[in-house]
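**Student:** Sequence and computational prediction follow.
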Amino acid sequence: DGGITQSPKYLFRKEGQNVTLSCEQNLNHDAMYWYRQDPGQGLRLIYYSQIVNDFQKGDIAEGYSVSREKKESFPLTVTSAQKNPTAFYLCASSRGTVNYGYTFGSGTRLTVV
Amino acid sequence: DAKTTQPPSMDCAEGRAANLPCNHSTISGNEYVYWYRQIHSQGPQYIIHGLKNNETNEMASLIITEDRKSSTLILPHATLRDTAVYYCIVRVGNSGGGADGLTFGKGTHLIIQP
């Protein structure tokens, strides 16, 4: 079955360390997205990519970095510059037009101690 | 994108229809209404979308008022598994219009009571 996979589901890191979250899709979708969700809040867009080798900052890109070397993969690195990295991170993909809906992964819960 | 307003929470009895309202009074002519839901600690799930006609699929029905300033998502026979946060989003729906990311507010927390 086609889908979008995020790994790991839970991640613990020490303060000051960079950490990379994985996102892979086999839906042949052009566009991919990273969102952050804090308890009781909606989703906030971190980065998005409409096509391979291209990506754009979302609303809260500071302290994060991404790459899009392959259509299937859109990893997110949470750097030590991110002041409050503990959150639930969600990856999504779409055909590039919102008419088809977004497909979301099951998320990675990052805890920085 | 037009702003949406949803009640923070709602209750519904199991087996009854759940009607979730959304106000979008500043919606423009080329903006669609989209609904997603998020079950606790999972990724959001697309439910339905529409422009001005009412829409129905296997999950839900979407009723949009004639002036398009508000809409209602209807879950016809709610089950306990429908307990989730429901997001109403307004967005241009033409090609590429969604490629730069949807904006998710706080949504409505729907609780289905047994």
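**Tutor:** The structure has been received and is ready for your questions. Numbering: from 1, shown residues only, chains lettered A, B, ... in the order given.
**Student:** okay, CA-based contacts and neighbour counts for the rest of this
**Tutor:** Fine.
**Student:** Once you drop chain neighbours, what's closest to A:L45?
**Tutor:** A:Y35 (4.5 Å; Cα to Cα, 6 or more residues apart in numbering or on different chains).
**Student:** Within the sheet, what are the partner strands of the strand or helix carrying that neighbour, with directions?
**Tutor:** Using DSSP states H and E, A:Y35 falls within strand A:31-37. Paired neighbours of strand A:31-37 in the sheet (DSSP bridges): strand A:43-51 (antiparallel), strand A:87-94 (antiparallel).
**Student:** Mind listing what's buried along the longest one?
**Tutor:** In other words, strand A:43-51. A:43-51 (16 or more other Cα atoms under 10 Å in any protein chain shown).
**Student:** Likewise for the last one?
**Tutor:** Neighbour-count burial for strand A:87-94, counted by 16+ other Cα under 10 Å, picks out A:88-94.
**Student:** Name the residues that touch that strand?
**Tutor:** Identification of contacts with strand A:87-94 by Cα atoms under 8 Å, 6 or more residues apart in numbering or on different chains yields A:4, A:6, A:23, A:25, A:29-39, A:100-111, B:43, B:99.
**Student:** where in chain B is pLDDT low?
**Tutor:** Within chain B, the stretches with pLDDT under 70 are B:1-2, B:93-100.
**Student:** Grab the most central residue of chain A for me.
**Tutor:** A:W34 (2.9 Å; Cα atoms, centre = their mean).
**Student:** what's across from it in the sheet?
**Tutor:** Judged by DSSP bridges, the bridge partners of A:W34 are A:Y47, A:C91.
**Student:** Quick check: it touching A:L45?
**Tutor:** Yes - using Cα atoms under 8 Å, A:W34 is in contact with A:L45, at 6.1 Å.
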